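In: this one's sequence-less:
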């Protein structure tokens, strides 16, 4: 974590060794397209059929069936809806409108080939060391990390700040002029990087109310991922929570494999996942306000604490360095959680 103005390092929190030694798993950065390819390959290896360009336009959970925009109808024993933040299935389950809630912030997203930045001495550390670089500023943060692209190494940057997008616009591609202007007073290395950026993706940030149920009363339709628990991105855990959901739901459906036991499987799925996802969502909001403090006395106290408390500590004021939170976040084993839950019943 670094000071926004000059890049002064406030705290380092290495996760590579703790991830492998304490949580028995490597800490990886992965391009979402690579994740999609891996998931698609695994699904098809298990006999799944994937139909593209088939937007769902209606769901009848009583059967259950769904209809797609091309006029086709599909039926199943269970519909698992992973239709994201603006979920239609969520409104079917709740029986009412369920619009996402604006956070008042947006993200500028940039992916840049590292080779464009090679030969600039000031940027050598950013483009050569595999780590998260996190600049903390007033009502804004910048995050950068490296990715192994399909053909070349990439630098991913996410600039999070108060929204400056027109009403009704959720995403758009713009030239980088506005981004450069908004962050012109930050660490000079940011300006050097942005000199090589032509266009950026702007993304309005939303969250959603905590839901009392992810399951339709028919017990033939359920939510998973962002459709169930959309959260702010300040801990970068949205996709991780979705994968955990899938692990739990998949294991339960294997354990309760017929229509008669489906209600029990879905009830356990919700009970196992709702509390954890709500906790992570709240922690993400905590991270936003911790990292985006306006300059002033509280910010100075925060920075002084970070400078004198490097690494991972119990009760650390930085949630990303707080031992008990990291144990909850990275120490979670979905299959063990299911086993422990079943033992308690």
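Out: That came through, no problem. Note that this is a predicted model, so its numbers are computed, not measured.
In: How about the contacts made by residue 2?
Out: 8, 9, 10, 133, 134, 135, 136, 187 (CB atoms under 8 Å, 6 or more residues apart in numbering). All C-beta spots, glycine's among them, are computed from the backbone N, C-alpha and C.
In: Kindly report the same for residue 133.
Out: Applying CB under 8 Å, 6+ apart to residue 133 gives the contacts 2, 126, 142, 143, 144, 145.
In: Check residue 311 too.
Out: Contact analysis of residue 311 by CB under 8 Å, 6+ apart lists 11, 12, 13, 14, 321.
In: Give me the phi and psi angles of it.
Out: The phi/psi pair for residue 311 (degrees, to the nearest 10) reads phi 80, psi -160.
In: For it, give me the pLDDT.
Out: Residue 311 carries a pLDDT value of 90.
In: Secondary structure, distance to residue 239 and pLDDT added to the contacts of residue 2, as TSV?
Out: Shown next, in TSV, are the contacts of residue 2 (DSSP: H, G, I helix; E, B strand; the rest coil; distance: CB to CB, whole Å; pLDDT from 0 to 100):
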residue	secondary structure	distance to residue 239	pLDDT
8	coil	31	97
9	strand	28	97
10	coil	27	97
133	strand	20	97
134	strand	19	98
135	strand	23	99
136	strand	23	99
187	coil	28	98
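In: Let's see if you can find the most crowded of the residues you listed.
Out: The residue in those with the most neighbours, by other CB atoms under 10 Å, is residue 135 (24 neighbours).
In: Now that residue: closest residue in space that isn't a chain neighbour?
Out: The shortest distance from residue 135 to any non-neighbouring residue, by CB to CB, 6 or more residues apart in numbering, is to residue 142 (4.2 Å).
In: Give me the secondary structure label for the one you found.
Out: When classified by DSSP: H, G, I helix; E, B strand; the rest coil, residue 142 comes out as strand.
In: What's the separation between it and residue 255?
Out: Residue 142 is 44 Å from residue 255, where distance means CB to CB, to the nearest Å.
In: Looking only at neighbour counts, state which of these two leads.
Out: It is residue 142, of residue 142 and residue 255, that has more neighbours when counted by other CB under 10 Å, with 23 against 13.
In: per-residue pLDDT, the more buried one?
Out: Residue 142 carries a pLDDT score of 99 in this model.
In: Okay, and the beta partners of it?
Out: Beta-bridge partners recorded for residue 142 (DSSP bridges): residue 135, residue 159.
In: Now do the contacts for it.
Out: 4, 133, 134, 135, 157, 158, 159, 160, 183, 186, 190.
In: The third one touches residue 145, doesn't it?
Out: What it means is residue 134. No: Residue 134 is beyond contact range of residue 145, at 9.3 Å (criterion: CB atoms under 8 Å).
In: Show me the contact partners of the helix or strand hosting residue 300.
Out: Under the criterion of DSSP states H and E, residue 300 resides in helix 297-308. Contacts made with helix 297-308 from outside it, assessed by CB under 8 Å, 6+ apart, are listed as 1, 3, 10, 11, 138, 290, 293, 317, 318.
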